[in-house]
Structures are given as C-alpha cells and as structure tokens.
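Participant: Here's a sequence, model it:
(2 chains)
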Amino acid sequence: MSTRSHTHKERQSWAWRLHLDLPLLGALLAVMAFGLVVLYSAGGESDSLMLRQITRLGFGCVVMLIMAQFPPRFYAKWTPAIYGVGILLLIAVLLFGDMGKGAQRWLQIGGFRFQPSEIMKLAVPMMVAWFFSERVLPAKKRELLIAFGIVMLPTLLILKQPDLGTSLLIAGSGIFAIYLSGVSWKLIFGFGIAGVLYAPLHWFFVMREYQRERVLVYLDPERDPLGSGYHIIQSKIAIGSGGVEGKGWLEGTQSQLEFLPERSTDFIFAVLGEEFGFIGVVTLLVLYLLVIMRGMYIGTQAQETFSRLLAGSIILTFFIYLFVNIGMVTGLLPVVGLPLPLISYGGTSMVTLLAGFGMLMSIYTHRKLVSH
Amino acid sequence: MLDRKVTLKNPFKELVLYQSRMAVAFVWVVAMMVLLASWVANLQVFQYDKYRTESDNNRIRVIPVAPTRGLIYDRNGILLAENRSVYSLELVPEQVRNVEQTVQELASLLELDEEDVERFWKDYNRTRERFKKIPLKTQLSEKQVARFAVDRHRFDGVSVEARLVRFYPYGEELVHALGYVGRINDRELQQIDVQNYKATRHIGKVGLEKYYESILHGTIGSQKVETDVQGRVLRVLSEQPPVEGQDLYLSIDLPLQMEAFKAMDGRRGAIVAIDPKSGGVLALVSTPGYDPNLFVTGISGKDYRSLLNDNRPLFNRALRGQYSPGSTIKPHLAWLGLESKTVSRNYAMEDTGIYYLPNNEQKRPFRDWQAWGHGKQIDYRRAIIQSCDTYFYDLAYKMGIDRIYETMTQFGFGEYTGIDMGEEVPGLMPNRAWKKGARGVHWFPGDTVNIGIGQGFWLATPLQIANSAAVLANDGLRYELRLVDEIGRNGERIAVEPAVAEQQINIGDGRNLKLVQQAMKEVNHNSVIGTAKKAFEGTPYLSAGKTGTVQLFGLDEDEEYDEEKTDERLRDNALYIGYAPFDEPTIAVAVVVENAGGGGSNAAPIARRVMDQFILNGSKLQANKQ
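Facilitator: Got it, this is the predicted structure:
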C-alpha cells in the first residue's frame, strides 16, 4: 500500500484551494438531504422546524469549512491545551452545571450555554493521537496505560453527569485511536475478556437503577410496555410495519399519529423505516457507508501519526454513533440516548460532528507532496 | 522528547501497521452494517405482517354506535315513550391526567351528587375498552352546562355530549303499563349480548320495556376510525350504521288510561280494560303510580326510599295483585249451573240470609251479605242482579269443586293471561289436589261453598278478572291478553295477530250464556234491584256488569260489619266487572279498589267513567281523527 499523490489538476481546483474534499462533502450532503426529507415528515411538516435544522446544518458546514483551513500541525500543537481545558470544564459542569432532563450536562458561561462533553468528543482522540505521535509504534505497555488514562478520565467524568451515550462515544473514540496505533491483538483480546469478567461487577456496583432498568427493558421491552419499553415497542412496530417499500412519505401512521415518541430526534430512524421501508433503510446505510469509506481512505492517506490516528478515530466514532442509534431504535441494542448523526433534529452534537469532518478534510488537503 | 531513549520511528512500518488495522476495521464496519441491515430486514420483511397488524391496532379503532331505541305509541298514535336529547357530562380516562382530581373538581364545580360520583367510579372500574367515554352526570341542567362551558379549558378529556335518553311524558299514569328503562347493571351485563350493547347505556328494566327489549333496542352499528395516540378521532374509515329499534303501537288508549287513572282518585287498586274482540288491553292502571323518569338516569336513594311506603306504588296491582274475585264470578258460576243442568232456569230458592250445608252436624252458618236475605223465589236471574250469596252457596255445593275448577280454569282463572309483559302471577284457582299439596288437608264441602261467592282460597289478578268479563262479553271466546297491536319502523308496521287462549269454555247452543248476559245487563240497568243501578243511571248506551264486595276478615255470627269502625286496611275491597255496549261490546272492564267498601257504590262508578270515556268520548276521538 502506498499513499497517493495529488495530481496537478486536483491541486489547481477551487475545492482544493478551499481545503474541501468533494467526495466526502458530497456523501455528507447526500445524508443531510435525505435526513431533511425524513425530518420534514417526522416534524409534522413544520416549516420553522425545518428552517432551524437547515440553519444548524449550515452553521455546522461553515464550522467544517473553517476547521478544514487549519493544518493538522496546528491542531496537534493545541491538543494538550484543548484537552486540559476540556477536563476543567467537565469538572466545572459537575460542580456548577445546569440540570436538564435529570442530568447535569450544561454549562453556562456568559449568555452561552454549551456541553463541554462535546469538546471532548474531538479532544480525546486528538490527545491520544498526539500522545502517540512522537512515539515508536506499537507503543509500550506503560505508554498504553497512560493513553488509557487519557481516555478514561473524561469518560468517567461524563458518565458521572450522567450521560451514558456520550461517555460511550468518547471512550470509543479514544480506544479506536489506541487500536489504530497498533496495539497487539493479544492485549485487545485480553481487555475483551477482562471486560466480560468485569461486566457483572459493573452491573451490581456501578450502574444506576435507571440504567439497569434500561438494559432489562432492552432485553424484554414488554417488561414495561407503557413506560420505558413503550419507545422501543412503538419504534419496532413503526419500522416493521413499513415493510419493503414503506408506507410512503408523510404517510407513516405510527409517526404521523404520534404513537412513536421522540420521532424527530433520537427515534427518527423509525420514521424513515416506516415511510421508506427496507429500501430507504438500505439507501441510508449505503450513504453512511460512503462517508465512512471516504473517511477511512483519508486516514490511510494521512502522512503523520497524529493525522492518521485522528482521522481513523473520527470516522470509526462516526460509525459507532450511527450503529448505536440504529441498533437502539430497532431494538438490537439497549436504549442509549444518542441521535442519528446528521439526521436527528437539533443537538450541538451535529456541529461537533461536522467539525470532526472538517478536521478530516484538513488532514486530506494539507498533505505534503510526496515524490516517488 | 529529546531525553527519551532513541528508538527510531519507522514510518513505513507504522503505515503498514495502521493500514492493516484500518482494513480489519473496515471489514468489521461492513459486517456490522450487514448485521444492521439484516436485523431491519427481519423486522420489515419477515415480521412485516405482525408489525403491520400491530400498527393498525394502534391507529384503527372500532367505535360502536348505539341504535336509537324504538318508540311506543298508543292506539291513536300518541307518543307514550320517546327519546329526548339530554346533556351528559362524560370523561375519557386516557385523556385526563389525574382522573381522581378531575372528578373531584368537577363534582364541586357542578355540585354533583355523591351518587353520581359513586356511579362513575363503578363504571370506570368496569370499563375495559380504551378511550371510552364514561358518564359522570347523565342529565346536566342548563345551568350546569353553562357553568362547565366557562371552565371547559381546564378539563381536557371531559366533554358535554348530547345523548338520547328515554322520556315518559305520562309518568305515573302509564308506568305500570309501560315499565321503564334504566342504566344497565352488572347482573344484566351477564345476560345480554355484550357485543350488541357496547354503545348502549339503558335497558328495559320492567314491563313492556323489558319484555320487548330485543325489539325496541335494535342492532348496534359501528364506525371504523383512525385515531391518534390521544384517542382523538381523525377520520372515519368505514361505517356500518346501526339498525334502529322497532316502534311499538299499543292497544292502550291514552285518553281512556288517563281517565281511568283519574277515576281512581288516589285510591289503591287497579283497572284493566280489554277489547273483548281481540284481547288487546285498552287500559292498564295500577294505583298509586310513580314517575318512571326518575329511574331512567338513576334514581337517588332519597327518591327511592320515598317509594317504599305502605301504599306500595312500585307494586303492579293489575298484574301481580291477587284478590278474591268475590261476587264478580257469580255470572260465570250461574252460567255453569245452567249449562251443566245442575239447576234449571226456572229453579228458585228462598234466601233467608243464612245457608247451612245439608247433612252437616255442626250447622256452620254461611251468611248472605244482606243479613235478612233476599226473600223467596230467588232464581239465577235475581241471584245475579241482587248478588244473592245463599243462591250461590247452594249452587256451588251442588256443582262440586271439580266441575267448578275445570270450568273456571277455562275462563282463565289460575292461568296466565299470556299478557306480553311478563311479571304477571297466575293467581290461584283452588282444587282438591292443590289443597292436599299446599295445606295437607282434604277439601271440605265448606270450601266449595266459599268458592261459590268468589272467596275462600280463590285468588285472581285484575287482569284475569277483566279477561273473564271479556269472555262473557265475547260469547265465550277467550283471547290471550296483549298490549302490543303492531310492531314496525318507519311507518312499516306488522300487526300482531290476536291469539285465542288454549282452553275455552263450551257454550253449547249459547242460550244459557245469553240468559246470564241479560241478567248482567239488569245489574246495571234494573232500576229497582240492580246492584249497580245508581252508577249506570242514564247512560246513553246499554251495558252489562257485576259488582263484588270482598270481606278481608271474617265476621262472627252475630257481628255487623260497620265501615266506620273498621280499620281502613281491613275494609272491604270493592270490585266490579262489566262490558259495553251490551249488543256489540267493545270494552270489558274490571275495577278493583282496595279497602273502599261496597263494589256497587265504589267500583261501579269508576267503571262507568271508564266506559263513558271509551264509548262516548272515544268515538268522538275516532271521528276527529277521520
């Protein structure tokens, strides 16, 4: 395998000069467009809701464009600072944060309200990538332990808020970076086995009652058909009743008649499944796969360790994002509060996601010329 | 980083390592995507039918639509039982956040009774259907409707609905003829076809309303609707309209019924008037009555307790009151005496005021109602006209209980009249077997003597007494009684054919019956000795009748009955039977007035008013109609 060099033509195009990666951008826009179509139906054909979502997407794209302008070197330089500030903010959240839906996630600074955990979604893979960037890979055990610490510190802080979904994503993003750094398979399997052994301890001593209940209801939604099981039962009915071809756009009875809860946010995939059927589901998965393939390709083309690990971690985390959401909505996984990336209504998470894609574009478009 | 042990990075090796890890990750990602896709395919392709059904169950609801209850008309087409629109306060539990609190607030806002609230909770606990409207108050006053309208916004899931509810414009006068409907209770719920009553709140409880329930109720309809998660109906997908209940057209004549009720003037008793040519009941009065409308939406405990008094207004005397028929059965016995040739038309005896059984050692006296008797030469005719007891003591003794029992049964005594109302009792026509079974002793000749004046063990309902009069009027042909003439809806009516009773008397050549009828005519019109002559003075039509006065307690040998001194409840029952016009009878009447005294002066005048109304005013009504 070898990295491909840019052609002359490529370097001369306007997209290159704007540090845009057109294949990635195209795939992202396709996902967003499909998402807007579904959201129009899920949001009850509300124009104002569409406008807000489009504004948010537009803002995200601008952030992506800006992020793409800075070279990876710049990010590497600021990584420890960003990570450090992020950790401090997380601690601040636990001390002074606002409550919202029973969890402490928000921090108010001036008139600005935001979730510091969003910063960590990017800061953690950056920090791990930075940590490994100057080291010989595969890393030594002591170094791996430090890298693991870098991941677990923010993960545990976020878990404490509590925000299971985000902490899962952040742990995932760090672990992917470690995995890509070339940790031996022996260690990976060792951790896997340790995890299985640890699970029961976690169940009894760490998990909160509502988290345990979620898992139990996941295993058997009928346990609580009108409470927490209701979401998943209605969601499965919506998807299953969509069949191969779907009930048609704006025609989903589960979603239009409001049997499906949270249909424009976390459960929007069920609306898609109901109205566009299996064909729609496969279409979305293919579009997502295109994004992921392009992201992975960018990772393999990156020239230094930092960019490489960061790119790989960002794109694999993106996959985890959608996998956990779709798995949850279809009843394959327990209910974890994660939105469907680029499609669910609202959330600062969308801006973070696009910022990450901006970094991917930066990594791809700031490569040095390699001559063979 | 400079003080670190220098192990040189190998960029190419690291790239290869990274790319191999990425390749594994890619395979893993694709595998997971395939897993997702196949999981979704499982839901959407292989379990499609199941989820499609569940989705439809979510959104499609079948709302039962109650049929409109059939109306009841009298023979002139006057509405006797109608359906009125009332405002009902109803609540859908699924749409109310806190049912208990909401009910409390509504109760205090609209000043609802404890009983309404209690009834609501009963309904609430019984309702299994989702999104069913449960009534909290079935008959809101206009003030309550207005009061609720003001605070409407505070009560999600609560609404005022217009419902059709039974209304009886002629309350106490007709209640014993019609019965009433009321809210369906638990016991009835077990017996009815629950599917057909899903939308129905009321059911016939008593009387005609109960007997003809299946005809009046109709068949439930349904609406298939699409609803949202709150149960709000968004659109009707398909509809099957209910089949309305059928209307009943009664033989009852409302003006006659009203006049009869009025004639009772608050006294306890019953009046039954029959069309002798068909068995159709023209009037069925039992007094006192009560307002059936109280029962329709649920009677309050206070109102109900006030009906449980000594006058027993809830008791239907016409159907269930068992009275000694007394002298009203004398024409029947006289006819039997003549027809069986026990006595001839010329046979006469002397009435000394006391009758002794022949060959009886104890010499127990049977007294005539007139202590000094009716004199010599008492034949069947004078015995009927003057209601001579001793003649009938003698006649009954001569005929024997077996013969009397057989023939009186054919007149309908001791038998159900077959009236289309249920609830009636058969009275008691005693015989030897009955007495042996019920009392454990043999039949004594003295028992037969008492039967001769319609007393002793003999008990009959006003319905039976009236029908026995109709048999005499109709030259011996007995019909089963019925209230309903025609059944139909939307003007299409089907007539109910009169049904002849199973057992009939055999009148032979009919001459003896004619003789008895003539004697009955003289009861009303013989200006010298007729016991009802005063009551029927100056009628423009001819009629026939027979009075009856029944002692409620035995007098000792030398005791005189003194109305003034006797306790009101122990005074004689006044009875009367009759029919008119004499030649072409259109109405046969029985009147029973409890504890009123003599039949001639207390029951006969009531019968006269009833006959006058039917024959004189009734024909005017018919004329007006044409």
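
Participant: Flag the shaky bits of chain B, pLDDT-wise.
Facilitator: B:1-7, B:361, B:553-566, B:619-626 (pLDDT under 70).

Participant: Could you pick out the longest helix of it?
Facilitator: Taking DSSP state H as the criterion, chain B has its longest helix at helix B:11-41.

Participant: Quick one: list the elements packing against it.
Facilitator: Judged by 3 or more CB pairs under 8 Å, 6 or more residues apart in numbering or on different chains; DSSP states H and E, the packing partners of helix B:11-41 are helix A:164-180, helix A:268-301, helix A:305-329. The C-beta positions use only the backbone N, C-alpha and C, and glycine is treated the same way.

Participant: what comes up buried for it?
Facilitator: B:14-15, B:17-19, B:21-22, B:25-26, B:29, B:32-33, B:36-37, B:39-41 (16 or more other CB atoms under 10 Å in any protein chain shown).

Participant: quick one, helices of the stretch 1-150 of chain B?
Facilitator: All helices of the stretch 1-150 of chain B, identified by DSSP state H, counting those that start in this stretch, fall at B:11-41, B:48-59, B:99-110, B:114-126, B:142-151.

Participant: Now tabulate the ones you listed in a markdown table and tack on distance to residue A:362.
Facilitator: Shown next, in a markdown table, are these (distance: least, CB to CB, whole Å):
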| stretch | distance to residue A:362 |
| --- | --- |
| helix B:11-41 | 18 |
| helix B:48-59 | 45 |
| helix B:99-110 | 59 |
| helix B:114-126 | 65 |
| helix B:142-151 | 62 |
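
Participant: re the thing from before, if I average pLDDT within each of the helices and strands packed on helix B:11-41, which one is lowest?
Facilitator: Note on the helices and strands packed on helix B:11-41: lowest mean pLDDT is at helix A:164-180, with a mean of 90.

Participant: For chain A, what's its nearest residue on the stretch 451-600 of chain B.
Facilitator: Relative to chain A, the nearest point of the stretch 451-600 of chain B is residue B:489 (38.3 Å; CB to the nearest CB).

Participant: so whichever residue of the stretch 101-250 of chain A sits closest to chain B, which of the three states?
Facilitator: Closest to chain B within the stretch 101-250 of chain A is residue A:240: 2.6 Å, counting by CB to the nearest CB. State at residue A:240, reduced to three classes by DSSP: H, G, I helix; E, B strand; the rest coil: helix.

Participant: dump the residue contacts of the residue lying closest to it once chain neighbours are set aside.
Facilitator: Of all residues not flanking residue A:240 in the chain, residue B:51 sits nearest, at 2.6 Å (CB to CB, 6 or more residues apart in numbering or on different chains). Applying CB atoms under 8 Å, 6 or more residues apart in numbering or on different chains, we find residue B:51 in contact with A:236, A:237, A:239, A:240, A:241, B:43, B:44.

Participant: hang on, residue B:286 in a strand?
Facilitator: Yes - counting by three-state DSSP, residue B:286 is located in a strand.

Participant: Which strand residues bridge it?
Facilitator: On the basis of DSSP bridges, residue B:286 is bridged to residue B:270.

Participant: just checking, it touches residue B:311?
Facilitator: No - checked against CB atoms under 8 Å, the pair residue B:286 and residue B:311 is beyond contact range at 11.1 Å.

Participant: Neighbour count for the two, which is higher?
Facilitator: Neighbour comparison, residue B:286 and residue B:311: the larger count goes to residue B:286, with 28 against 13 (by other CB atoms under 10 Å in any protein chain shown).

Participant: Share the number of residues neighbouring residue 178, please.
Facilitator: Just going to use chain A. 26.

Participant: oops, I was thinking of chain B
Facilitator: 27.

Participant: Pretty sure it sits against residue B:72.
Facilitator: Yes - proximity of residue B:178 to residue B:72 meets the contact threshold set by CB under 8 Å, at 6.4 Å.

Participant: With adjacent residues omitted, what lies nearest to the residue of the stretch 451-600 of chain B closest to chain A?
Facilitator: residue B:246 (4.8 Å).

Participant: Now do the phi/psi pair for that neighbour.
Facilitator: phi -90, psi 150 (degrees, to the nearest 10).

Participant: Now do it against residue B:254, distance only.
Facilitator: 20 Å (CB to CB, to the nearest Å).

Participant: Likewise for residue B:293?
Facilitator: Going from residue B:293 to residue B:254 by CB to CB gives 17 Å.

Participant: OK, contacts around residue A:348?
Facilitator: A:114, A:115, A:118.

Participant: typo on my end, residue B:476
Facilitator: Listed by CB under 8 Å, 6+ apart, the contact set of residue B:476 reads B:504, B:505, B:506, B:507, B:510, B:513.

Participant: same thing but at 10 Å, please
Facilitator: For residue B:476, the contact set (CB atoms under 10 Å, 6 or more residues apart in numbering or on different chains) comprises B:335, B:410, B:411, B:504, B:505, B:506, B:507, B:508, B:510, B:513.

Participant: Tell me which stretches of the stretch 151-300 of chain B form helices.
Facilitator: B:171-178, B:186-191, B:207-211, B:213-217, B:254-264, B:293-296.

Participant: Looking at the ones you listed, spot the one closest to chain A.
Facilitator: helix B:186-191 (27.2 Å).

Participant: Give me the packing partners of that closest one, helices and strands only.
Facilitator: helix B:114-126, strand B:202-206 (3 or more CB pairs under 10 Å, 6 or more residues apart in numbering or on different chains; DSSP states H and E).

Participant: Show residues contacting that helix.
Facilitator: B:122, B:126, B:182, B:184, B:197, B:203, B:204, B:205, B:210, B:213.

Participant: Hmm, residue B:323 is touching residue B:425, no?
Facilitator: No - look at residue B:323 against residue B:425 with CB atoms under 10 Å: they stay out of range, at 11.3 Å.

Participant: any residues in contact with both of the two?
Facilitator: B:459, B:460, B:461, B:464.

Participant: Tell me the bridge partners for the first one.
Facilitator: Counting by DSSP bridges, residue B:459 is bridged to residue B:428.
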